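Trainee: What follows is a protein structure lacking sequence information:
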């Protein structure tokens, strides 16, 4: 194993020890009693990738119903998030209005419906005068908008950065303005900073009151783009930009590599830009595995009303979701790479280790590794979290076959 891999293992152990001591000192009970928002990564569904501007009150209600009926709520999903282009203009008093053609009964009535299903409602705005889609935004009206969002019963705000100054200092000021307004609104709202990672929000997002921050451009419905920019960002392009960010992740502060594209099948409006034509079932399963390891917010974006059983099983795999929602909150580190295989390791609160083995190659292949090379000692019980079965007990080495563009998601538990 090379020197970089050894350094990563050392760092992984240090992060694990720090997180363990934090939980030991504060205790799970004390942690639960604080007003921390998003103690685990938010889980939900968002309108943009699939529907773009084609949203309505009826659609949101149907998605809320589908989230309950599909088993997604049981699996942990709780937010329904309305993205851009829900807005009309402001009234004479400066109060932001919903588009009456799309939301004839208003956002408050819709929030009441969503809440009646045991779910929470999210909404969208932007730190400028106009949003990415050209709708009215919140700059200069932060206090007014935060109050009306609170009055409506909003639980989550995605705050974009189109049409705003490019400088980091300006972004910090604008995001803090809205964060302060939310905190004074009288209602808890998860604050999602969406400036696409260009101004390193992982360095300042938590300090100004954000619970999550985008680390990349918008993800597209493809495995890998030939280039990476605002219109081209496949799963692998996005993944690469998470390396080294693990130290900024933890309870109430999450790196956000953007939405799940699972089940879009090349039919999304926004997600199909830049020549993105969809992914295979294996690639979608890989995104779910990797996002769970990364502590990423699990925000689905497909049409969950009509998803097939295979997609439903990917989105509701409770063993994989358990890795994402582990209360220790340590983001996986990439600890080893070899011949197109990558090993991503995430310590868990029960003392076990989640291990994702990614095969970037097009074809299925076998790889093997020594337990000591991933920082593991002693006899291990290994469980496959997609097959939902134990692979057996191992004390020295493991050989495993990984499909092309696939991820084997394992849990290793030391056996005394």
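Mentor: Structure's in. What do you need? The shown structure was predicted, so the numbers you read here are calculated from the model rather than taken from an experiment. Residues are numbered from 1 along each chain as shown.

Trainee: What residues does the closest residue to residue 42 other than its chain neighbours make contact with?
Mentor: Nearest residue to residue 42 in three dimensions, chain neighbours excluded: residue 297, at 4.6 Å (C-beta to C-beta, 6 or more residues apart in numbering). (Glycine included, C-beta is placed from N, CA and C.) Applying C-beta atoms under 8 Å, 6 or more residues apart in numbering to residue 297 gives the contacts 41, 42, 43, 44, 192, 212, 254, 256.

Trainee: So which of the residues you listed is the closest to residue 350?
Mentor: residue 41 (18.1 Å; C-beta to C-beta).

Trainee: Next, count neighbours for that closest one.
Mentor: 27 (other C-beta atoms under 10 Å).

Trainee: Surely it is in contact with residue 293?
Mentor: No: using C-beta atoms under 8 Å, residue 41 is not in contact with residue 293; the gap is 11.3 Å.

Trainee: what do the two both touch?
Mentor: Common neighbours of residue 41 and residue 293, counting by C-beta under 8 Å, 6+ apart, are residue 324.

Trainee: Weed out the non-buried ones from the contacts of residue 297.
Mentor: If you count burial by 16 or more other C-beta atoms under 10 Å, the buried members of those come out as 41, 42, 43, 44, 192, 212, 254, 256.

Trainee: Show the residue spans covered by the strands in the stretch 1-150 of the chain.
Mentor: Ranges of strands in the stretch 1-150 of the chain, per DSSP state E, counting those that start in this stretch, are 43-46, 79-81, 87-90, 96-98, 120-126.

Trainee: One more: the stretch 201-350 of the chain?
Mentor: Applying DSSP E, counting those that start in this stretch to the stretch 201-350 of the chain gives strands spanning 212-214, 254-256, 298-300, 333-338, 341-347.

Trainee: And the protein, what are its domain boundaries?
Mentor: The record assigns the chain these domain ranges, following automatic domain parsing: 1-34+332-416, 39-324.

Trainee: How far off centre is the shortest one?
Mentor: When you say that, I think you mean domain 1-34+332-416. On the basis of C-alpha atoms, centre = their mean, to the nearest Å, domain 1-34+332-416 sits 20 Å off its chain's mean C-alpha point.

Trainee: what about it, average pLDDT?
Mentor: For domain 1-34+332-416, mean pLDDT rounds to 82.

Trainee: cool, and the last one?
Mentor: Taken as a whole, domain 39-324 has a mean pLDDT of 97.

Trainee: Quick check: end-to-end length of that domain?
Mentor: For domain 39-324, the first-to-last residue distance is 11 Å (C-alpha to C-alpha, to the nearest Å).

Trainee: Report the central residue of this protein.
Mentor: With distances taken as C-alpha atoms, centre = their mean, the chain has residue 297 as the residue nearest its mean C-alpha position (2.1 Å).

Trainee: picking up where we left off before, from the domains of the chain, which stretch is densest packed?
Mentor: Of the domains of the chain, the one with the most neighbours on average (mean count of other C-beta atoms under 10 Å) is domain 39-324, at a mean of 20.

Trainee: In JSON lines: the buried ones among the contacts of residue 297, plus distance to residue 143.
Mentor: Compiled in JSON lines, the buried ones among the contacts of residue 297 are given as follows (distance: C-beta to C-beta, whole Å):
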{"residue": "41", "distance to residue 143": "29"}
{"residue": "42", "distance to residue 143": "24"}
{"residue": "43", "distance to residue 143": "30"}
{"residue": "44", "distance to residue 143": "26"}
{"residue": "192", "distance to residue 143": "19"}
{"residue": "212", "distance to residue 143": "22"}
{"residue": "254", "distance to residue 143": "26"}
{"residue": "256", "distance to residue 143": "25"}
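
Trainee: ok, so of those residues, who is nearest residue 326?
Mentor: Lowest distance from residue 326 to those (C-beta to C-beta) belongs to residue 41, with 9.9 Å.

Trainee: between the strands of the stretch 1-150 of the chain, which one is nearest to residue 247?
Mentor: strand 43-46 (23.2 Å).
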